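[1] 3D model of this:
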Amino acid sequence: QVLWPECGWHPVSPTDMITSASVKKIYRKATLCIHPDKVQQKGVSLKQKYTAENVFDILKEAWKKFNVEELS
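    Reported below is the predicted structural model:
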């Protein structure tokens with residue numbers, strides 16, 4: 001597990017991401033949990049902030065790829 005319990009994220013099953021709409025909903029929820037500005041407001045440790053920034057960047061990149069594949 002990468003994220004700490006207090007961030008508010010709960011693992012999602014692949015079966016919860018069958019439709020494009022469900023993927024979008026889960027993506028938005030995930031980015032709200034680990035958005036660098038939101039995380040900083042919660043007063044997390046430096047390690048947690050660094051982790052959140054990296055996870056946020058990975059999510060953004062995955063979202064771009066998902067959207068490209070959806071349009072193909």
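[2] Report the spatially nearest residue to residue 31, omitting neighbours in sequence.
    residue 59 (6.0 Å; CB to CB, 6 or more residues apart in numbering). Backbone N, C-alpha and C define where each C-beta goes, glycine included.
[3] dump the residue contacts of the one you found.
    For residue 59, the contacting residues are 27, 30, 31, 34, by CB atoms under 8 Å, 6 or more residues apart in numbering.
[4] Redo these as CSV? Include distance to residue 51 and pLDDT.
    CSV is the format used below for those (distance: CB to CB, whole Å; pLDDT from 0 to 100):
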residue, distance to residue 51, pLDDT
27, 18, 97
30, 13, 95
31, 14, 95
34, 8, 94
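[5] before we move on, the earlier item: and the pLDDT at the residue nearest to residue 31?
    Looking at residue 59, its pLDDT stands at 96.
[6] what comes up buried for the helix or strand containing it?
    Secondary structure from DSSP states H and E places residue 59 in helix 46-71. Of the residues in helix 46-71, 48, 49, 51, 52, 55, 56, 59, 63 count as buried by neighbour count, 16 or more other CB atoms under 10 Å.
[7] Check the offset of stretch 36-56 from the chain's centre.
    Relative to its chain's centre, stretch 36-56 lies at 12 Å (CA atoms, centre = their mean, to the nearest Å).
[8] Mean pLDDT per helix and strand in this protein: which one sits at the bottom?
    helix 36-41 (a mean of 92; mean pLDDT, DSSP states H and E).
[9] Can I get it in CSV, CA atoms only?
    Only the C-alpha atoms of helix 36-41 are listed here, as CSV (Å, rounded to 0.1, in the frame of the first residue of the first chain):
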residue,chain,number,x,y,z
PRO,A,36,-0.8,18.4,-3.5
ASP,A,37,-2.7,21.5,-2.4
LYS,A,38,-5.2,19.4,-0.4
VAL,A,39,-2.6,17.2,1.1
GLN,A,40,-0.6,20.2,2.2
GLN,A,41,-3.7,21.7,3.9
